[in-house]
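A.B. asks: could you work out the structure for the sequence below:
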Amino acid sequence: MRTFQRHNPALLQKLNALAAADDADGLRDYLLSLSASTFRTAGSMLADEVLPAHSAHFWHLFSVIVPAHAKAFLGTFLKVAVALYKSEKLALDEEVLTAYSLVCSHIDKAKLLQALLPCLRTEREVFFLFDNFCDNEDFGFALLIKSGTMPCYYTLFNALKCSEEHHIKQCAAMLMKKGDSRSFNLACILKQYFGLADISGQFSLRIQDYELSRLDQGYDYFVKMMNK
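C.D. replies: Residues are numbered from 1 along each chain as shown. Model (predicted):
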């Protein structure tokens, strides 16, 4: 198997110049013109140096380059997006992502959700991605549970309000199987809110009947109940 050359100053200079100029079309065309080995080197440079250094242009570059060859570029851009988001150097661009959701494949939608959902800090961001990129309820619910964050659990709770009872029971069982206190608390909320009499378990969370309706008041009260 041939290895690729990580050290290529001329290539790095060219990539940086195009990214700094926000020349998305030029960068896309240049990348697609490279040989296979040089392309692998360029991909490594994009992920490790070029895109992180030009975060202000990230979403414009994403909007032009990723749709041109998602198999080659999506993973690289998602890796950088997660790192930049976690370091608070990047926010979601809803306009770019909405446009991408209309043209990307089901597989690429799943990849995007798997990469971004676990790191998102707000319920608004989670709902936006889930609403635009989730094509399959079973997969989406399982992914929200796997992510396990409070914004993901809030999105799951609201999504289940429009779902069938067997999905709710399935999610409650998956939450209990995870075994952590947050997941058990959500399972308890699902049991009482949706009246799932056949869901049994030793729940430490105690919810009064009058508190159930307050769960519809919004994210802050949901968090309060989950942390009760």
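A.B. asks: longest single helix anywhere in this protein?
C.D. replies: The single longest helix within the chain, with elements called by DSSP state H, is helix 70-86.
A.B. asks: now do that one, average pLDDT.
C.D. replies: The average pLDDT within helix 70-86 is 97.
A.B. asks: sketch out the low-pLDDT regions of this structure for me.
C.D. replies: 1-6 (pLDDT under 70).
A.B. asks: show me what contacts Asp135?
C.D. replies: Asp135 makes contacts with 106, 109, as judged by Cβ atoms under 8 Å, 6 or more residues apart in numbering. In short, each C-beta sits where N, CA and C put it, glycine included.
A.B. asks: same question for Ala21.
C.D. replies: Ala21 makes contact with no residue, according to Cβ under 8 Å, 6+ apart.
A.B. asks: just Lys146 next, same as before
C.D. replies: If a contact means Cβ under 8 Å, 6+ apart, then Lys146 has Pro118 as its contacts.
A.B. asks: ok, it to Leu113 distance?
C.D. replies: 10 Å (Cβ to Cβ, to the nearest Å).
A.B. asks: please apply the same query to Glu211.
C.D. replies: From Glu211 over to Leu113 the distance is 31 Å, taken as Cβ to Cβ.
A.B. asks: more neighbours: the two, which one.
C.D. replies: Leu113 (22 against 16; other Cβ atoms under 10 Å).
A.B. asks: list the buried residues of stretch 216-224.
C.D. replies: Buried residues in stretch 216-224, counted by 16 or more other Cβ atoms under 10 Å: 219, 222.
A.B. asks: mind listing residues that contact it?
C.D. replies: Here stretch 216-224 makes contact (Cβ under 8 Å, 6+ apart) with 123, 150-151, 154, 157, 214-215.
A.B. asks: can you check stretch 35-53 too?
C.D. replies: Contacts of stretch 35-53 from elsewhere in the structure, counted by Cβ under 8 Å, 6+ apart, are 2, 4-6, 8, 11-12, 15-16, 19, 31, 34, 58, 61, 72-73, 76-77, 79-80, 83-84, 89.
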